[in-house]
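Visitor: my questions are about this predicted structure, shown below with the sequence.
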Amino acid sequence: MCAASPLTSLDPALAAAGDVARFWRVPRYADLDCLAARFRRHAYARHTHETYAIAAIVEGCETFWRRGTQNYAFAGSLCLVSPDEAHDGEPYGGHFVYRTLYPSPALMREVAEDLLGRPVPRAPWFAPSVVDDPGLVAELAALHDALGAGSGAGTLETDERLLGFLARLVSRHGDLRGAPAATRESRAVARVREAIDAHFAEDLGLEMLAREAGLSRTHLIRAFGRETGLTPHAYQVDRRFRAACRLLVAGEPPAAVAVEVGFYDQSHLNRAFKARMGITPGAYAARAAA
């Protein structure tokens, strides 16, 4: 198995605790984000991504919540999270070191269509949260090294490595029928999600959202949590975080982004961002631009 390469700290507060992370983006592959990290104390807040999160544990153990279950991923295993699925993560038993790819649904759908030789209606879905696959873990770690700046790997090599890895991942562990139909989500919760999506930057109140759902406030909190894995407030913060990512990549300064997406100030954005990415907004923007 490939060992993790030396990591560069992007957050002094995390470095003081022994936590380090390196983030970068590879635009050629539909803005593929990559994260390499060693965490001893950092704990991710529950959140979602518009992309997949495919993480190879190369040392230690990570524990994380997904789809109502607490999971434990030891070295040699892959953590699999599909788009829009709430999850968190933190060290278990001392620390963990991992390499993560965030491929887009469009890229994963292309891989699935190549495997099947025909169009597919949806991108693949991963039912298991953790799979024991040391071979793919080693492959992802080597792919990470090839995708990094200064690796010396050419375009053809990285094309073959990335698409080969994703094809093997999907064929071994993916469900090519796509995610289960969202029949569990009630119309009431769907209306609330739509309202938050449309007004995430505003100061929303639970009473207004409960009227939208036609439920009591306490009933809404319970129903929303069952359907999404998040409270309405956590879902709103998650949408603010997603919007902040897009604006930061577009070149807007963190202070302006914080106000635009509804955070009180830049420090509020920093706390929410680090809790979901493990790095600061400024570091994320700088590495994405680079």
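Guide: Everything's here; your move.

Visitor: and the residue nearest to Ala258 when sequence neighbours are not counted, how far from Ala37?
Guide: Excluding the flanking residues, the one nearest Ala258 by CB to CB, 6 or more residues apart in numbering is Leu269, at 3.8 Å. Quick note: C-beta positions are derived from backbone N, CA and C, even for glycine. Distance, Leu269 to Ala37, by CB to CB, to the nearest Å: 20 Å.

Visitor: let me know the helix or strand that the residue nearest to Ala258 is in.
Guide: Element membership of Leu269, judged by DSSP states H and E, is helix 266-277.

Visitor: for the following helix or strand past that helix, C-alpha coordinates in CSV please.
Guide: For helix 266-277, the succeeding helix or strand toward the C-terminus, using DSSP H and E, is helix 281-289. C-alpha atoms of helix 281-289 as CSV (Å, rounded to 0.1, in the frame of the first residue of the first chain):
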residue,chain,number,x,y,z
PRO,A,281,-12.0,29.2,3.0
GLY,A,282,-9.0,31.2,1.9
ALA,A,283,-6.9,28.0,1.5
TYR,A,284,-9.7,26.3,-0.4
ALA,A,285,-10.0,29.3,-2.8
ALA,A,286,-6.2,29.6,-3.3
ARG,A,287,-5.7,25.9,-4.0
ALA,A,288,-8.7,25.7,-6.3
ALA,A,289,-7.4,28.6,-8.3
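
Visitor: which residues are contacting helix 281-289?
Guide: 10-11, 23-25, 33, 244-245, 248-249, 251, 254, 257, 266, 269-270, 273, 277, 279 (CB atoms under 8 Å, 6 or more residues apart in numbering).

Visitor: so where's this structure uncertain?
Guide: 1-15, 181-185, 289-290 (pLDDT under 70).

Visitor: quick one, helices of it?
Guide: 12-16, 105-116, 134-147, 155-173, 187-199, 206-213, 217-228, 232-249, 254-261, 266-277, 281-289 (DSSP state H).
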